[in-house]
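In: Below is the structure, and that's it, no one-letter string:
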DNA sequence: AGAGGTACCTGGCAGC
DNA sequence: TGCTGCCAGGTACCTC
């Protein structure tokens, strides 16, 4: 499911309910996620207060004074706020219950997500320390993409989906941003001009920002903190639109496979 | 170092 | 109504 806009939507949805609240209990029904949910989480988190909910790339960070819960939603995960009396459903693997009667519930059918506890600086955790630029911060620019791409033969779509280059851009928004910038997804990253990278950086920002405003994209699973879907799907131009006419030029959208992921593009608008 | 392939897991859907 | 195979929003790890 979740790329940056869905994770950010989740962050905004859950923060008002849990920031300033104290954890009463942690229930782990299935610890077999991408990494096993550590036993120390259920032991250490109760009694601690959530000071902030932050995001780094597609990771959520629930910060307490002396430790952080690192959450990743994988392909199919979602976090939502429910009453602590709400009966768990299938794939509701972890509950974090608060003193105010609310419960933060992790649902993840495919179990590619993770949830772990660290007492150290989460940004230096091995899973987070190599993550690249945040596309919605002031420091992000086409210049950075241009410089990082020199000498790279990898296709530009795979380049911008590389989390060590750029944080949070997954398959949907890579497709959409390349369409918006008029760049062909198969073009080698190292053979794109500085000017075109400026345009791409602008498109990435715009697409991500617009998606956040719509509460993210729901293809199947994604729900926000209140259990509601995102509405950006109706604003997609190419993703999952193979064979349909391009909204700009009516040429049928092409569907190919790139690095075992689906790529959609307009062969006329993107070059 | 970069690039490509595979593995992890469940569920939905198309086709037979 | 099955059954089978393929596909899905991600990422780590292994090879070459």
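Out: Sure thing, it's come through. Being a predicted model, the structure only gives us computed values, none of them experimental.
In: List the beta-bridge partners for residue A:54.
Out: Going by DSSP bridges, residue A:54 is paired in beta bridges with residue A:61.
In: what's the burial count for it?
Out: 15 (other C-beta atoms under 10 Å). Any C-beta I mention is one placed from the backbone N, CA and C, and that applies to glycine too.
In: Look up how far residue A:60 lies from it.
Out: 7 Å (C-beta to C-beta, to the nearest Å).
In: What is the burial count for residue A:103?
Out: Number of residues near residue A:103 (other C-beta under 10 Å) recorded here: 23.
In: sorry, back to before: shared neighbours of residue A:54 and residue A:60, anything?
Out: Here residue A:54 and residue A:60 share the contacting residues residue A:11, scored by C-beta atoms under 8 Å, 6 or more residues apart in numbering.
In: other SSEs contacting the worst-scoring helix or strand of chain A on mean pLDDT?
Out: Using mean pLDDT, DSSP states H and E, helix A:39-44 stands out as the lowest-scoring helix or strand of chain A, at a mean of 92. Taking 3 or more C-beta pairs under 8 Å, 6 or more residues apart in numbering; DSSP states H and E as the contact definition, the neighbouring helices and strands of helix A:39-44 are strand A:23-28, strand A:114-118.
In: Paired strands for the shortest one, with orientation please.
Out: Spelled out, that is strand A:114-118. Counting by DSSP bridges, the strands paired with strand A:114-118 are strand A:67-72 (antiparallel).
In: Is the partner strand positioned near DNA strand B?
Out: No. Against DNA strand B, strand A:67-72 shows no contacts by C-beta under 7 Å from any atom of the strand, the least distance being 11.9 Å.
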